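Asker: Return a 3D structure for these sequence lines:
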Amino acid sequence: MAHGLDCLVRAAEPLGDVSVVAPDREQSAASHALTMQHPLRAKLRPDGRMQVDGTPTDCVMLAVQALMPERPDFVFSGINHGHNMGEDVLYSGTVAAAMEGIALGIPSVALSFASRDHGTDIELVDGQIDAITALLRHFVSLRDVPANTVFNVNLPPLAGPEIKGVRLTRLGRRVFSDSLQRMRDPWDKEIYWIGGGTIAWSGGPDCDFRAIDDGYISVTPLHLDLTHFDMLATEERWWRKA
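Answerer: Next up, the predicted model:
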């Protein structure tokens, strides 16, 4: 089992019974994909946890509708190794799993370890278990969360005692450069590999990436409704009716 997932289980166990349903392999950038081309298989592991040969979204759907004897009170997704800030939330399987929980009417939280250096060891999260437990306990206690809201949490790559606190943030903006690599396969045909490159961030002092840079845990409330409400108010100017 992935180290980040194991850390999340350890952080959540003081709050109640924990059931684990997770993909059987890496699912980075799976977004909100559902597997519809072939049937899904769920396997009970020797440690009592379930693994599914599908996407993170598949796992939440199967857990709630088929695998768990009772509907869960919360869905916790993660801990992803790598940040999920800014536009990352559009691609993230970790965030999508929490979004699926909300779509099913269950309060949900996505958690990620916001290291921008793949050489940074996610085992730093071991020292953050108490802080994560306290944060999850706070989420569990909330009674006035707006409907259809997911909490997107990013943990700074710091030892636990070095974390300064928690900030409520908004999404920043990020631009990838040189993230598409052109290559040749063994038969000399052109292929493309997406990944790598550099990232440039932008946004105000209340953005997620700035909280991470300052040594805080970033908590960004995300909403399922993507409607641009300000534009709805300009309908008469945007579309002149005959």
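Asker: thinking Arg173 is in contact with Trp201, fair?
Answerer: Yes: in this structure, Arg173 is within contact of Trp201 by C-beta atoms under 8 Å, at 7.0 Å. The way it works is simple: take the backbone N, C-alpha and C, and place the C-beta from them, glycine included.
Asker: Phi, psi for the closest residue to Leu224 other than its chain neighbours please.
Answerer: Closest residue to Leu224 apart from its sequence neighbours, by C-beta to C-beta, 6 or more residues apart in numbering: Asn148 at 4.2 Å. Dihedral pair for Asn148: phi 60, psi 30, per degrees, to the nearest 10.
Asker: Next, count neighbours for Asn148.
Answerer: 13 (other C-beta atoms under 10 Å).
Asker: And for Ala134?
Answerer: 12.
Asker: do Thr149 as well
Answerer: 15.
Asker: now the one 3 residues further on
Answerer: Counted with other C-beta under 10 Å, residues neighbouring Asn152 total 28.
Asker: Give the bridge partners for it, please.
Answerer: Counting by DSSP bridges, Asn152 forms beta bridges with Ala110, Thr220.
Asker: which ones are touching it?
Answerer: 84, 89, 95, 98, 109-110, 112, 208, 219-222 (C-beta atoms under 8 Å, 6 or more residues apart in numbering).
Asker: For those, could you give me JSON lines that also reports distance to Leu180, pLDDT and neighbour count?
Answerer: Below are the contacts of Asn152 laid out as JSON lines (distance: C-beta to C-beta, whole Å; pLDDT from 0 to 100; neighbours: other C-beta atoms under 10 Å):
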{"residue": "Asn84", "distance to Leu180": "21", "pLDDT": "92", "neighbour count": "27"}
{"residue": "Val89", "distance to Leu180": "21", "pLDDT": "90", "neighbour count": "22"}
{"residue": "Val95", "distance to Leu180": "23", "pLDDT": "95", "neighbour count": "27"}
{"residue": "Ala98", "distance to Leu180": "28", "pLDDT": "95", "neighbour count": "30"}
{"residue": "Val109", "distance to Leu180": "32", "pLDDT": "97", "neighbour count": "22"}
{"residue": "Ala110", "distance to Leu180": "27", "pLDDT": "97", "neighbour count": "29"}
{"residue": "Ser112", "distance to Leu180": "24", "pLDDT": "95", "neighbour count": "25"}
{"residue": "Asp208", "distance to Leu180": "25", "pLDDT": "92", "neighbour count": "30"}
{"residue": "Val219", "distance to Leu180": "32", "pLDDT": "97", "neighbour count": "20"}
{"residue": "Thr220", "distance to Leu180": "27", "pLDDT": "95", "neighbour count": "25"}
{"residue": "Pro221", "distance to Leu180": "32", "pLDDT": "95", "neighbour count": "13"}
{"residue": "Leu222", "distance to Leu180": "27", "pLDDT": "95", "neighbour count": "19"}
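Asker: returning to what we had before: more neighbours: Arg173 and Trp201, which one.
Answerer: Trp201 (17 against 13).
Asker: List the contacts of the more buried one.
Answerer: Contacts of Trp201 by C-beta under 8 Å, 6+ apart are 86, 172-174, 207, 209.
Asker: Parallel or antiparallel, list what pairs with the strand or helix carrying it.
Answerer: Using DSSP states H and E, Trp201 maps to strand 198-202. Next to strand 198-202 in the sheet, as set by DSSP bridges, lie strand 173-177 (antiparallel).
Asker: Name the next helix or strand following the partner strand along the chain.
Answerer: Per DSSP H and E, the helix or strand that comes after strand 173-177 is strand 180-184.
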